[in-house]
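Asks: Fold the following and give me the result.
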Amino acid sequence: IKPGVGTDQVAAVWPKAEEFGFANEMEAFALQFGHGLGVSLHERPIISRLVSFDDPLEIKEGMVFALETYCPATDGASAARIEEEVVVTSDGCRVITLFPAQELPIANRY
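Replies: Numbers count the residues shown, from 1 in each chain. This is a model prediction of the structure:
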């Protein structure tokens, strides 16, 4: 992620939904995507295999993104969601997520 790159170019290097167990990009949309951060939690531009190929936007210096990934476990029920926050700089991006953390919260125990 760096200035001048299109959201479609970033989405193109992300795995297809079928590669991690989903029938199509719509089913996997909220599990693997990027979105701008600002005044609200989810802002444009969106980076996704579902929308970025049809409506690409140019990434610019100073933009802030949350990049969310999904990794399903082999048991068919469990999974990991990892999110990194990045700031786009003149020569790339800087990760601002504080990880590793002292604690990792569990969102839902089965």
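Asks: Sheet partners, orientation included, of the lengthiest strand in the chain?
Replies: As assigned by DSSP state E, the longest strand anywhere in the chain is strand 79-89. The strands beside strand 79-89 in its sheet (DSSP bridges) come out as strand 64-72 (antiparallel), strand 92-95 (antiparallel).
Asks: Please enumerate the helices of this protein.
Replies: Ranges of helices within the chain are 7-12, 25-28, based on DSSP state H.
Asks: so where's the protein shaky on pLDDT?
Replies: 104, 107-110 (pLDDT under 70).
Asks: try it again with 90
Replies: Of all residues in the chain, those with pLDDT under 90 make up the ranges 15, 19-22, 27-33, 38-43, 68-83, 98-110.
Asks: Could you give me the buried positions within stretch 21-28?
Replies: 22, 25, 28 (16 or more other Cβ atoms under 10 Å). C-betas here are computed from N, CA, C, even on glycine.
Asks: just checking, residue 87 touches residue 93?
Replies: Yes: Residue 87 lies in contact with residue 93 (Cβ atoms under 8 Å); the separation is 6.4 Å.
Asks: of the two, who's got more company?
Replies: residue 93 (21 against 15; other Cβ atoms under 10 Å).
Asks: residues touching the more buried one, list them.
Replies: Residues in contact with residue 93 (Cβ atoms under 8 Å, 6 or more residues apart in numbering) are 1, 2, 65, 86, 87.
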